[in-house]
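Colleague: this one's sequence-less:
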């Protein structure tokens, strides 16, 4: 690439150089984007699968023992009842 002595250029020449560089950069970016889009299109043919995703669905959050209407005493009662059922089952 030829070296350009920027100090020797006038303001108009520098502005024209900047505009040309901006245009060329936009041109190259657009060309590269077109290449990548074509490649993605090609790859997308292989990425589609009829099987369901192997990832497990996200676990649902457990309901809190304390709801808006329940008091701490209610929660303790529910917890105690659950422990009694486990003890009876054993």
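Modeller: Ah, there it is. This one's a predicted model, so the numbers in the text were calculated from it and none came from an experiment. Residues are numbered from 1 along each chain as shown.
Colleague: now the top helix by length along the chain: buried residues?
Modeller: Using DSSP state H, we find that the single longest helix of the chain is helix 11-47. By neighbour count with 16 or more other Cβ atoms under 10 Å, helix 11-47 contains no buried residues. Using the backbone N, CA and C atoms, a C-beta is placed for each residue, glycine as well.
Colleague: residue 25 and residue 32: what is the separation?
Modeller: In this structure, residue 25 and residue 32 are 11 Å apart, going by Cβ to Cβ, to the nearest Å.
Colleague: now residue 18
Modeller: For residue 18 relative to residue 32 (Cβ to Cβ), the value is 21 Å.
Colleague: try residue 24
Modeller: From residue 24 over to residue 32 the distance is 13 Å, taken as Cβ to Cβ.
Colleague: swap in residue 2?
Modeller: Distance from residue 2 to residue 32, counting by Cβ to Cβ: 24 Å.
Colleague: quick check: mean pLDDT of stretch 15-33?
Modeller: Mean per-residue pLDDT for stretch 15-33: 98.
Colleague: and what of stretch 45-58?
Modeller: 65.
Colleague: going forward, begin numbering at 35 instead of 1
Modeller: Got it, the first residue is 35 from now on, which makes the last one we talked about stretch 79-92.
Colleague: what's the neighbour count on the closest residue to residue 51 other than its chain neighbours?
Modeller: Of all residues not flanking residue 51 in the chain, residue 43 sits nearest, at 6.9 Å (Cβ to Cβ, 6 or more residues apart in numbering). When neighbours are counted by other Cβ atoms under 10 Å, residue 43 registers 13.
Colleague: phi first, then psi, for residue 43.
Modeller: Main-chain dihedrals, residue 43, degrees, to the nearest 10: phi -80, psi 150.
Colleague: look up how far residue 64 lies from it.
Modeller: 27 Å.
Colleague: so how far is residue 60 from residue 66?
Modeller: Note on residue 66: its distance to residue 60, by Cβ to Cβ, is 11 Å.
Colleague: and for residue 71?
Modeller: The value you get for residue 71 to residue 60, if Cβ to Cβ is used, is 16 Å.
Colleague: residue 37 now?
Modeller: With Cβ to Cβ as the criterion, residue 37 and residue 60 are 24 Å apart.
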